[in-house]
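K.L.:
fold the stuff below for me.
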Amino acid sequence: MKNEAIVKQVKDSYVFISYSSADRTEANGLYEKLTNRFNRLTCWMDVYDLIPDDETFQEQIIHGIRNASGFVLVDTPAAAESDYVNRELGTAESDNVPVFRYKTRQGASRSMQAVQTMLLARRIKARISRPLWASILILAMTLILMGAAVFFVSKNVTPGVVEAYNRLLPEAAADSDAQEMESGPGPSDTAPFYFEPEMIVFQEDFMAGDELNPYQFYYDIQPSCEEVEILQHDGSLVLNYPAGCSTSEYLWSCETEIHSYLLNLETIEYIGMRVRLQNSSDSREISISLSSSTSDRRRTGFGWAFSTHAAPFFRSNINLPEEDYYAYVPVEDEWHAYEIILDPDTRTIHYYMDGQLLDSYIMQYYEEWEDAPLMLLIYSTGNDMASFTKSAENQDMMLVVDRVVLGRFNK
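P.N.:
Model prediction:
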């Protein structure tokens, strides 16, 4: 009798991922990309879906292949020499399960890998299902292309069509599309990341609508100032604090926190963020860090803080006799890539800005930090009273975050 997991697979549309054990890292990466919120495919993979049951693992794998809507083969030389992979491929072919081959490309950039995975996901969806909206879209595109063909043929042979075309679309307007295409370079071009972790543990491009992804973040955002804006706009996270948010009477008003789910240093050796400090302020600070949050609202961990400067920092746990570290870097209203590399062998944190090493800090109590519960923390608060100026001199502050990536390097 089939267990619940296999019964569920019969009802749901999913693809089976086949790979050689030598390619488990690549297969895991493919699984994460195909099932993420962008591609949204359901996948069956042995390390996730095999369960202890009356059936043997081999029987579960055979059921997984035969009940799949598609079969994805991580196509490598190791897979070609694997008897297990060849048997799984033979099962898929004998049961008429559509086979899709995914060839790994050594040295390919993250963007190229993302494009390759996206195209694979589109091929799978087009092959195993074609929903009503897709059929309507294909029909609409076909009609548009047919209409365009008829129009241009008529324009070339019919003087009346030519006259109407020139009257409705004068020459000056005809160049508008070309002008729109000549827009400036985007954030990824002006501030590229200089390091690429092999394993992505966490990433956010802030592309989905006007709210943070609830599957990655939870919130503690309760600004008392109604004019505070924390939103996603044009592919970026915008944190906007008006000058009146901090006053001499209410210094800590509009304090906000945005948390990711818990992480730790055992799996993270890299933090990359692309940030634009559009308006700076000496009465407010916004930090992006890998930290823990204590009861007194003190952030302990390491990252970058932004006010009138960009500042790499390390704040020690209050129970450890370790000195804090800060550095200050002047910035202007442009995109910059801020990256942090953690070397666990030397216990050293290296801080980079636009690919240039700014400074390094040696952690004295790395063992105490290694398995501590940390989170990606975006935090804003008012400044201390000693450096606080009159409210009339305060400035609006706007920090724009294009991308945040956490990962590690395989050794």
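K.L.:
what ranges do the helices span in this protein?
P.N.:
Using DSSP state H, the helices assigned to the chain run over residues 4-11, 24-34, 46-49, 57-66, 77-80, 83-94, 110-128, 132-157, 159-168, 171-174, 176-181, 187-190, 366-370.
K.L.:
give me the nearest residue to P330, chain neighbours excluded.
P.N.:
Using C-beta to C-beta, 6 or more residues apart in numbering and skipping residues adjacent in sequence, the residue nearest P330 is H309, 5.9 Å away. (Glycine included, C-beta is placed from N, CA and C.)
K.L.:
list the contacts for the one you found?
P.N.:
Neighbouring residues of H309 by C-beta atoms under 8 Å, 6 or more residues apart in numbering: S280, Y328, V329, P330, V331.
K.L.:
now, which of those residues lie within strands?
P.N.:
Secondary structure defined by DSSP state E assigns V329, P330 of those to strands.
K.L.:
okay, now the unreliable bits of the stretch 151-300 of the chain?
P.N.:
151-184, 208-211, 214-215, 218-227, 244-254, 293-298 (pLDDT under 70).
K.L.:
now the strands for the stretch 251-400 of the chain?
P.N.:
Here the stretch 251-400 of the chain has its strands, by DSSP state E, counting those that start in this stretch, at 256-260, 270-279, 284-293, 299-306, 309-315, 325-326, 329-330, 335-343, 348-353, 356-362, 375-382, 397-408.
K.L.:
closest one to L145 among those strands?
P.N.:
Closest of those to L145 is strand 397-408, at 35.1 Å (criterion: C-beta to C-beta).
K.L.:
which parts of that closest one are buried?
P.N.:
Across strand 397-408, burial judged by 16 or more other C-beta atoms under 10 Å covers M397, M398, L399, V400, V401, D402, R403, V404, V405, L406, G407, R408.
K.L.:
so what's the last one up against?
P.N.:
Read that as R408. R408 touches P197, E198, M199, V201, T267, I268, E269, Y270, counting by C-beta under 8 Å, 6+ apart.
K.L.:
can we see that at 6 Å?
P.N.:
P197, M199, T267, I268, E269 (C-beta atoms under 6 Å, 6 or more residues apart in numbering).
K.L.:
quick check: the third one touching M199?
P.N.:
No - T267 is not in contact with M199 according to C-beta atoms under 6 Å; the separation is 8.2 Å.
K.L.:
and those two? Which one has more around it.
P.N.:
Remark: of T267 and M199, M199 carries more neighbours, 17 against 12, as counted by other C-beta atoms under 10 Å.
K.L.:
returning to what we had before: export the buried residues of strand 397-408 to CSV and tack on pLDDT and distance to A121?
P.N.:
Supplementary listing: those in CSV, determined by pLDDT from 0 to 100; distance: C-beta to C-beta, whole Å:
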residue, pLDDT, distance to A121
M397, 84, 39
M398, 87, 35
L399, 89, 33
V400, 91, 29
V401, 92, 27
D402, 90, 24
R403, 90, 21
V404, 92, 23
V405, 91, 21
L406, 91, 23
G407, 89, 21
R408, 88, 25
